[in-house]
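> what's the 3D shape of this:
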Amino acid sequence: MIGKQLGDITQDDIHALIADTVAESRTLEYKQELPGNGDEDKREFLADVSSFANASGGDILYGIVERRDENGRPTGEPEDAPGLNIANIDAEIRRLDNIIRDGIDPRVPVIHLRPINGFAQGPVVLIRILQSWVLPHMVTYRGLSRFYSRNSAGKYPLDVAELRSAFLLSNEWSDRVRRFRDQRIARIVSGESCCPLSEGAKLVMHLVPIGAASSDAQQYIASMVEDDWRQLRPITEGITGYRHNIDGLVVFAKPAQDEAYTSYVQLFRNGGIESVSVGRDGRDPGVIDSQDLEARLIGRYDMYTELQRRLSLNVPVVLMLTLIGVEGYSVRPGEHWRWDDEDIARFRIDRDLLLLPDIIIEERGREPSDVVLRPVFDALWQASGWDSCKNYNENGRHSSVAAA
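The predicted model follows:
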């Protein structure tokens, strides 16, 4: 896989692969032509795509000529990048996208198809397939039922033992993320978090990448200094300091030397983020100011996911929101809402620990942040007796965004 974000890849990066004789590998494959419309071409194409999704992900580059050996066989090393002589490249990309959508089950969550211009005959088409977490993917085109994966020599059919491992791995990923959240929440509840927190209800946001971070990302996290750490602003507070710890890097808010911490953000070595803030009762104790809280969560979500993007952390990322110590709290639609005794009795959260539904972020930027977070906000309101979050307009946009 080319070590850049998809949108940053240019013709210079393609030429560099040729100049450096970067051979095909488990995460990189070259093709001279796009697949045709024949059944065999489509099956071969689907086998390539599914093999990357079932392994570590990777890039397929179309429009690259491979070097041949003395017997005329391809060596896997790129020789030239003439590009593709195609009149309507957008139509071809749509055709490939349709083949993938209709010929692989379950659907591969994240695939990007992008033309890269600047070559003699036309663009090079890059297909980037990210490692999937809903394994394994099967080629189903025209009655074919085959599973493929990849190694350094290319794709190969999965055997029974490897299929069993793939199914187990798919279940293990989701379980691993939830176990991580459970363990972290237990530490916060017991007062064993990285920063001793003050008393009060607590809001916890986790953004956990399913895949492992690259060594470059981990090295960057370990060396973050100066202004970089300011991108880890807590949900409801400013920042008073930061420090490195065994888990990575933590920034925090601490009002005074002898007082407990009111919030912190832990950036883990794998690129995961844990943001914790202690609630402060305003003039209405036990009432959650929904508009302010949701606007802050939308803003922090943008900030944290942008940092993870800069760290080149692949999606998917799992978003989890937890409230601690909120039994009896109420969610209020806004300052204009008039409370009476019946409302106070009706709109209350009935449990101390509120684990809101997790959200799998398959592709950053595909949907606006307020749209991504709406299921979490709806669940919070439902926990307080409402049918849904009341801060969205008829167009499905949050009031804090619609007013901007």
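
> can you count the residues close to residue 23?
The burial count assigned to residue 23 is 15, neighbours taken as other CB atoms under 10 Å. Just so you know, the C-beta spots here come from the backbone N, C-alpha and C atoms, and that holds for glycine as well.

> any idea how far it lies from residue 67?
Per CB to CB, to the nearest Å, residue 23 is found 9 Å from residue 67.

> what do the two both touch?
Taking CB atoms under 8 Å, 6 or more residues apart in numbering as the criterion, residue 23 and residue 67 both touch 75, 77.

> tell me who's in contact with residue 375.
Applying CB under 8 Å, 6+ apart, the residues contacting residue 375 are 357, 359.

> let me fix that: residue 368
Counting by CB under 8 Å, 6+ apart, residue 368 touches 397, 401.

> any idea how far residue 400 is from it?
Distance of residue 368 to residue 400, computed by CB to CB: 12 Å.

> quick one, what contacts residue 9?
Residues near residue 9 by CB under 8 Å, 6+ apart: 2, 114, 116, 126.

> list only buried entries from the residues you listed.
Neighbour counting by 16 or more other CB atoms under 10 Å classes 2, 116, 126 among these as buried.

> the domain parsing of this protein - what is it?
The chain is divided into the following domains under automatic domain parsing: 6-158, 172-402.

> mean confidence score for the first one?
This points to domain 6-158. For domain 6-158, the mean per-residue pLDDT is 91.

> again with the last one
Per-residue pLDDT over domain 172-402 has a mean of 84.

> chain center to it: distance?
Relative to the chain's own centre, domain 172-402 is displaced by 16 Å; criterion: CA atoms, centre = their mean, to the nearest Å.

> thought residue 75 was touching residue 65?
No - using CB atoms under 8 Å, residue 75 is not in contact with residue 65; the gap is 11.3 Å.

> re the thing from before, would you list the buried ones among the contacts of residue 9 in TSV and tack on secondary structure?
Below are the buried ones among the contacts of residue 9 laid out as TSV (DSSP: H, G, I helix; E, B strand; the rest coil):
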residue	secondary structure
2	coil
116	strand
126	strand
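
> quick one, what contacts residue 118?
10-11.

> re earlier: and the two most separated of the contacts of residue 9?
The most widely separated members of these are 2 and 114, with 11.3 Å between them, by CB to CB.

> between the two, which contacts overlap?
The contact sets of residue 2 and residue 114 overlap at 9, 126 (CB under 8 Å, 6+ apart).

> strands of the stretch 51-200 of the chain, residue ranges please.
Remark: strands assigned in the stretch 51-200 of the chain by DSSP state E, counting those that start in this stretch are 58-62, 65-68, 74-80, 104-105, 111-116, 124-129, 138-139, 146-151, 154-157.

> in CSV, list those strands along with distance to residue 48.
Listed next are the strands of the stretch 51-200 of the chain as CSV, based on distance: least, CB to CB, whole Å:
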stretch, distance to residue 48
strand 58-62, 6
strand 65-68, 15
strand 74-80, 14
strand 104-105, 11
strand 111-116, 12
strand 124-129, 9
strand 138-139, 10
strand 146-151, 8
strand 154-157, 6
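
> which one of those lies closest to residue 43?
strand 138-139 (6.6 Å).

> next, residue 3: phi, psi?
Main-chain torsions, residue 3, degrees, to the nearest 10: phi -80, psi 50.

> ditto for residue 352
For residue 352, the backbone dihedrals (degrees, to the nearest 10) come out as phi -80, psi -40.

> run a quick neighbour tally on it.
Neighbours of residue 352 (other CB under 10 Å): 14.

> what do you get for residue 288?
When neighbours are counted by other CB under 10 Å, residue 288 registers 22.

> how about the helices in the chain?
Taking DSSP state H as the criterion, the chain carries its helices at 11-19, 39-54, 89-103, 160-189, 215-223, 290-310, 341-346, 369-383, 399-402.

> out of the strands of the stretch 51-200 of the chain, flag the one nearest residue 236.
Closest among the strands of the stretch 51-200 of the chain, using CB to CB: strand 111-116, at 35.4 Å.

> partners of the closest one in the sheet?
Its sheet considered, strand 111-116 pairs with strand 124-129 (antiparallel) by DSSP bridges.

> angle of the partner strand against helix 39-54?
50 degrees (axes from the mean of the first three to the mean of the last three CA atoms, to 10 degrees).

> so who does residue 1 touch?
Taking CB under 8 Å, 6+ apart as the contact definition, residue 1 lies against 27-28, 57-59, 128.

> kindly report the same for residue 324.
Residues in contact with residue 324 (CB under 8 Å, 6+ apart) are 185, 188-189, 201-204, 352-354.

> of the residues you listed, which qualify as buried by neighbour count?
185, 188-189, 201-204, 354.

> with distance to residue 104 added, can I get the residues you listed in a markdown table?
Converted to a markdown table, those look like this (distance: CB to CB, whole Å):
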| residue | distance to residue 104 |
| --- | --- |
| 185 | 36 |
| 188 | 40 |
| 189 | 42 |
| 201 | 45 |
| 202 | 42 |
| 203 | 39 |
| 204 | 36 |
| 354 | 37 |
